[in-house]
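A.B. asks: Need a 3D model of the following:
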Amino acid sequence: MTWCSPRGGGPEEEEEEEEEEEEEEMIATKMTMKKEEDEDEKEEEKTKKKKKKKKKKKKKKIATKKTMKEEKEEEEE
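C.D. replies: Here you go, the predicted structure:
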């Protein structure tokens, strides 16, 4: 005679349930990690874009200063 719990599940069933729960937890953990990685990538992209935009703005500002300086020199001549 085998052992049966009042709810009808034996030791084998309990092991299967535990394995399924562990597997579900692992999947949930992987999904969470993936989500965090995606968020980190988005944040990195934003940072890169800001740096690029700032650098471009700085170059434009420098070019404008050079142009203004050249114009002044031409006016003085």
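
A.B. asks: And residue 13, which helix or strand is it part of?
C.D. replies: helix 11-76 (DSSP states H and E).

A.B. asks: mean confidence for that helix?
C.D. replies: Per-residue pLDDT values over helix 11-76 give a mean of 90.

A.B. asks: Please renumber the chain so that the first residue is 450 from this point on.
C.D. replies: Taking 450 as the first residue, the last one we looked at is helix 460-525.

A.B. asks: which helices and strands does that helix pack with?
C.D. replies: Contact partners of helix 460-525 among helices and strands, from 3 or more CB pairs under 8 Å, 6 or more residues apart in numbering; DSSP states H and E: none. For the C-beta atoms, the positions are set from N, CA and C on the backbone; glycine is no exception.

A.B. asks: Run the chain-centre distance for that helix.
C.D. replies: A distance of 6 Å separates the centroid of the chain from that of helix 460-525, by CA atoms, centre = their mean, to the nearest Å.

A.B. asks: in stretch 493-511, what counts as buried?
C.D. replies: Neighbour counts over stretch 493-511 (16 or more other CB atoms under 10 Å) mark no residue as buried.

A.B. asks: hang on, I meant stretch 506-526
C.D. replies: Judged by neighbour count using 16+ other CB under 10 Å, stretch 506-526 contains no buried positions.

A.B. asks: Contacts for it, please.
C.D. replies: For stretch 506-526, there are no external contacting residues (CB atoms under 8 Å, 6 or more residues apart in numbering).
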